[in-house]
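1. Here is the input, now give the coordinates:
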Amino acid sequence: MLCYPTTSNAQKTVVVIPKATIMHFWKIICLGAHKAVQGEDVNLIWRGPRVENKAEAQIHLLKFYTEKKVDAIVIAPSDKERLNPYLEKAVKAGIKVVIIDSPVTSKAPHAYIATDNYKSGTIGAELLAKKVSQKGPLLLIGHKPENGASYLREQGFINRINELMPGRSIIRMHMKDGSERETRIVVEEILTAMPSIAGIFSVNEPTSDGVLHVLKKHADIKIPFVAFDYNKNLEKGVKEGKICALITQKPYTMGFLGVKTAMDLLSGKKVIKKMESPVTVITSENMDRSDIITGLHKMTVKERSDCPICFN
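-> Residues are numbered from 1 along each chain as shown. Coordinates of the predicted model:
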């Protein structure tokens, strides 16, 4: 089971198009996707851009595999609107389409499996509100507005903070490319210009990495920081006290259920139209529990070798 197209005599072909392939989150989704086809007569193709926010690359892949008349497409859309015409065209062509991770505004896809991103934003607000002790504004580091998942997290955070901390100012920043490097630059500039920032919430892996980099670089800055998504660097940030809470998704489950749902659709089975993948909150108090990080980063050597693009 490889993370790139292979020659296969399998009866069915399922294509998985992630937002990116190099970040930890997507690597774990890849493992879950391949687990779903283990022992099945299915050819799984894993193809996507290396980094996020490449809607054009996803559109190209959607067009290519629609023309190839594959049986099913599982996709994590990087843009909630731009991909709609191509998703609808795939459905009209008889291809089963399952959306994972981020929503689209089209009703055409057959199923949607993701974190409740709005609720996750409210959780971030509740966690941060408990830690904020200063009177200054809060800093919300968003991704791109076109990214449906992160945008919902932002909205959930803002609305819940307004309920919990009426009148509290929120400085909301959107990244142009959503990279860790861009986040670093923006956050450093803001914290230098506004030392009164009382708390920070970031909405995904690269923005969380960027904020953490700045807080580690400036050891004198003591600001409550709630981060979103998981990798070993962020786990270390919790251990070192730089991150007071880390909201993690279930990428392995999301990848598995995305492909399993596509296979069920191909078999004529009824599927749930919308499925929620729960989140877990990691703090210094619970991170030593083995069940907390299961499926987040622990994997076997065999699993790594099965995914040469992801891990080699």
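2. quick one: contacts for residue 238?
-> Contacts for residue 238 were tallied using CB atoms under 8 Å, 6 or more residues apart in numbering; they are 244-246, 282-284, 287. In this view, the C-beta of every residue, glycine as well, is placed from N, C-alpha and C.
3. Ok, residue 126 next?
-> Contacts here follow CB under 8 Å, 6+ apart; on that basis residue 126 touches 160, 164.
4. Could you do residue 212 as well?
-> By CB under 8 Å, 6+ apart, the contact set of residue 212 is 225, 227, 233-234, 237, 242-243.
5. my read: residue 49 touches residue 55, true?
-> No. Assessed by CB atoms under 8 Å, residue 49 is found out of contact with residue 55, at 9.1 Å.
6. Just the element for residue 257, please.
-> helix 251-266 (DSSP states H and E).
7. Shouldn't residue 289 be within a helix?
-> No. Going by DSSP: H, G, I helix; E, B strand; the rest coil, the assignment for residue 289 is coil, not a helix.
8. ok, the nearest residue to residue 256 once chain neighbours are set aside - how many residues close by?
-> Distance criterion CB to CB, 6 or more residues apart in numbering; nearest residue to residue 256, sequence neighbours excluded, is residue 32 at 3.8 Å. Neighbourhood size, residue 32 [other CB atoms under 10 Å]: 22.
9. Now do the SS call for residue 32.
-> Secondary structure assignment for residue 32 (three-state DSSP): helix.
10. ok, now how distant is it from residue 101?
-> Separation of residue 32 from residue 101 (CB to CB, to the nearest Å) stands at 12 Å.
11. Name the surrounding residues that touch stretch 263-271.
-> Under the contact criterion CB under 8 Å, 6+ apart, stretch 263-271 has outside partners 12, 14, 36-37, 40, 42, 71-72, 96, 98, 110-111, 261.
12. still on that earlier bit, widest-spaced pair of the contacts of residue 212?
-> Across those, no pair lies farther apart than 225 and 233, at 13.5 Å, counting by CB to CB.
13. Tell me which of the two has more neighbours.
-> A side-by-side neighbour count of residue 225 and residue 233, using other CB under 10 Å, places residue 225 first with 27 against 15.
14. hey, what's the more buried one bridged with?
-> Note on residue 225: beta-bridge partners residue 200, judged by DSSP bridges.
15. Kindly provide the whole-number mean pLDDT of stretch 55-67.
-> Stretch 55-67 shows a mean pLDDT of 96.
16. List the buried residues of it.
-> Within stretch 55-67, the residues scored as buried using 16 or more other CB atoms under 10 Å are 55, 57-59, 61-62, 65-66.
17. now do stretch 68-86
-> Buried residues in stretch 68-86, defined by neighbour count with 16+ other CB under 10 Å: 70-80, 83-84, 86.
18. quick one: the helices in the protein?
-> Along the chain, the stretches classed as helices by DSSP state H are 24-36, 55-67, 84-92, 117-131, 148-164, 180-193, 205-217, 232-239, 251-266, 301-306, 308-311.
19. I'd like those helices as a markdown table, with distance to residue 170 appended.
-> Converted to a markdown table, the helices of the chain look like this (distance: least, CB to CB, whole Å):
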| stretch | distance to residue 170 |
| --- | --- |
| helix 24-36 | 25 |
| helix 55-67 | 27 |
| helix 84-92 | 30 |
| helix 117-131 | 10 |
| helix 148-164 | 6 |
| helix 180-193 | 13 |
| helix 205-217 | 15 |
| helix 232-239 | 22 |
| helix 251-266 | 28 |
| helix 301-306 | 40 |
| helix 308-311 | 36 |
